[in-house]
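[1] sequence first, predicted coordinates after that:
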Number of protein chains: 2
Amino acid sequence: MPQQRRAQATRRAIVVAAAEEFDGAGYDGTPLSAILRRSGVTKGAFYFHFASKEALAITLVRLQGQRWPRLRQRWLRRGIDPLSIAVGMVDEASRLIENDVVIRAGTRLARDRIGRDLAEHRALTEWEQVLTDLLQRSADRGLLRSGVNPDEVARVIHAAMVGVRTVGAERSHGAGIAARAAEVWRVTLQGIATAEWLRSNRFLSTR
Amino acid sequence: MPQQRRAQATRRAIVVAAAEEFDGAGYDGTPLSAILRRSGVTKGAFYFHFASKEALAITLVRLQGQRWPRLRQRWLRRGIDPLSIAVGMVDEASRLIENDVVIRAGTRLARDRIGRDLAEHRALTEWEQVLTDLLQRSADRGLLRSGVNPDEVARVIHAAMVGVRTVGAERSHGAGIAARAAEVWRVTLQGIATAEWLRSNRFLSTR
């Protein structure tokens, strides 16, 4: 089905071109003409795939929102301790945001409340909940120092990751987001994880 | 000068009404008519004070941007150690964002890049720089544990505070921002400050 394959390639070209434009200039700062120019697609071909610029932006919000549950599920199924799962899934998510312009643009559009009624807008709350569960399980397993409040730690890690994304977006298109996310773990884990956990997870200090 | 006082009161009513609208619905989500309705000001009176909705939004961005240098200078002049200065100034800033709708709306509009060429848009970078200076001075004074990288800590604290603001905005108009900011310090200080500093700054654990 070469025709269907060509249609898929065109659709993908539109999505990537739109992501590159939205990532840099935001929804309001991106006219449809800029997306057409960058993708090399005619207006007619565009409207074959998307009803409007808004429909396209909503597709991007959906694409990022659908990515996180799968990513988290994969980590949750791994046979490692809950604190390592938390570190690993956040690390992978931050690399994805740094390296995949479609995901990165989708998170920006979500932050700017495009398609604000979509289920994918629950991503922020879901991340906080998953981190809270993992930190609580870490406390139950004795991986956290005594006196550490796992709910509080989960909220702080979550806020720091959201902030890393926001500050990163102000500067340069995604560069450094994964390194900044690793810093968040390095700084916080020193105060919250037991000495034993830190000793057996030395990789953190060398990243 | 009762007439001048009346003009000032009208201007203030417009600014506060606009802040309440922008804080909840953002720039694009707030028509001028909503601001007029909330402030009880006529269109004619509005245009006596502001050229446009955009000019009014830019005023709010300016108001928040001008507040931070003054707030920081006041803390920098206090005769306390640099780590306590960092904690104190961030705490005061987060309370201001929680309690003052004009400042809160201004930070939201700045985040959404209203008036993106204004000097006040450097606020994010300035906060990170001030925190970096204070953490470096804290390291020089021996207030940080050995092996702690003050630049990294400053970036993490800064990102977490930006994230607290962003997550808070998604939920409810500013409520809880100061408490969340205090959590950031509680979680990070345990791992970065010396035991001596923590002992003499017990207030953190009871806030």
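    Happy to help now that I have it. Numbers count the residues shown, from 1 in each chain, chains lettered A, B, ... in the order given.
[2] can you report how many residues lie near the residue lying closest to residue A:156 once chain neighbours are set aside?
    Nearest non-adjacent residue to residue A:156, counting by C-beta to C-beta, 6 or more residues apart in numbering or on different chains: residue B:187, 4.4 Å away. From N, CA and C alone the C-beta is placed, and that goes for glycine too. Counted with other C-beta atoms under 10 Å in any protein chain shown, residues neighbouring residue B:187 total 23.
[3] tell me the phi and psi of residue A:144?
    The phi/psi pair for residue A:144 (degrees, to the nearest 10) reads phi -100, psi 150.
[4] surely it touches residue A:138?
    Yes - judged on C-beta atoms under 8 Å, residue A:144 makes contact with residue A:138 at a distance of 5.4 Å.
[5] what mean pLDDT does the host helix or strand of the residue nearest to residue A:156 get?
    Residue B:187 is part of helix B:177-192, with elements assigned from DSSP states H and E. Helix B:177-192 carries an average pLDDT of 92.
[6] number of nearby residues for residue A:55?
    Neighbour number of residue A:55 under other C-beta under 10 Å is 12.
[7] below-threshold pLDDT in chain A: ranges please.
    A:1, A:169-174, A:202-207 (pLDDT under 70).
[8] show me where it has helices.
    In chain A, the helices defined using DSSP state H lie at A:2-25, A:32-39, A:43-49, A:53-76, A:82-99, A:101-111, A:123-140, A:150-171, A:177-192, A:195-199, A:203-206.
[9] what's the closest non-adjacent residue to the closest residue to chain B within chain A?
    In chain A, the residue that lies nearest chain B is residue A:191 (2.4 Å; C-beta to the nearest C-beta). Distances taken as C-beta to C-beta, 6+ apart put residue B:191 closest to residue A:191, at 2.4 Å, once the chain neighbours are dropped.
[10] what's the one you found in contact with, if anything?
    Residues near residue B:191 by C-beta atoms under 8 Å, 6 or more residues apart in numbering or on different chains: A:187, A:188, A:189, A:190, A:191, A:192, B:145, B:148.
[11] try it again with 7 Å
    By C-beta atoms under 7 Å, 6 or more residues apart in numbering or on different chains, the residues touching residue B:191 are A:187, A:188, A:190, A:191, A:192.
[12] burial count for residue A:82?
    Residue A:82 has 19 nearby residues by other C-beta under 10 Å.
[13] number of nearby residues for the nearest residue to it once chain neighbours are set aside?
    Of all residues beyond its chain neighbours, the one nearest residue A:82 is residue A:137 (3.9 Å), with distances taken as C-beta to C-beta, 6+ apart. For residue A:137, the neighbour count with other C-beta under 10 Å is 16.
[14] now residue A:137: how far from residue A:146?
    16 Å (C-beta to C-beta, to the nearest Å).
[15] for the residue lying closest to residue A:54 once chain neighbours are set aside, give its distance to residue B:24.
    Distances taken as C-beta to C-beta, 6+ apart place residue A:114 nearest to residue A:54, at 7.3 Å, with adjacent residues excluded. Remark: distance between residue A:114 and residue B:24 (C-beta to C-beta) = 17 Å.
[16] what about residue A:144, neighbour count?
    Residue A:144: 22 neighbours (other C-beta under 10 Å).
[17] partner residues bridging it?
    residue A:193 (DSSP bridges).
[18] I'd guessed it sits against residue A:137; true?
    No - in this structure, residue A:144 is not within contact of residue A:137 by C-beta atoms under 7 Å, at 10.1 Å.
[19] who touches both of the two?
    What both residue A:144 and residue A:137 touch, as defined by C-beta under 7 Å, 6+ apart, is an empty set.
[20] tell me the contacts of the closest residue to residue A:14 other than its chain neighbours?
    Residue nearest to residue A:14 in three dimensions, not counting chain neighbours: residue A:39, with 5.0 Å by C-beta to C-beta, 6+ apart. Contacts for residue A:39 (C-beta under 7 Å, 6+ apart) come out as A:13, A:14, A:17.
[21] measure stretch A:116-131 end to end?
    End-to-end distance of stretch A:116-131: 23 Å, with C-alpha to C-alpha, to the nearest Å as the criterion.
[22] hmm, who's touching it?
    By C-beta under 7 Å, 6+ apart, the list of residues contacting stretch A:116-131 reads A:58, A:61-62, A:65-66, A:68, A:72, A:86, A:110, A:154-155, A:157-158, B:167, B:170.
[23] over to stretch A:175-185?
    Counting by C-beta under 7 Å, 6+ apart, A:87, A:90-91, A:94-95, A:97-98, A:157, A:160-161, A:164-165, A:168, A:204, A:207, B:152, B:155-156, B:159 sit against stretch A:175-185.
[24] what are the buried residues along that stretch?
    Neighbour counts over stretch A:175-185 (16 or more other C-beta atoms under 10 Å in any protein chain shown) mark A:176, A:177, A:178, A:179, A:180, A:181, A:182, A:183, A:184, A:185 as buried.
[25] now do residue A:20 against residue A:114, distance only.
    In terms of C-beta to C-beta, residue A:20 sits 16 Å off from residue A:114.
[26] then residue A:157?
    Distance from residue A:157 to residue A:114, by C-beta to C-beta: 26 Å.
[27] before we move on, what about residue A:156?
    Counting by C-beta to C-beta, the gap from residue A:156 to residue A:114 is 28 Å.
[28] more neighbours: the two, which one.
    Under the neighbour definition other C-beta under 10 Å, residue A:156 and residue A:114 were set side by side, and residue A:156 has more, 28 against 20.
[29] so the more buried one sits against residue B:160, correct?
    Yes - counting by C-beta under 7 Å, residue A:156 touches residue B:160, with 5.9 Å between them.
[30] hmm, residue A:187 is touching residue B:154, no?
    No - judged on C-beta under 7 Å, residue A:187 makes no contact with residue B:154 at a distance of 9.8 Å.
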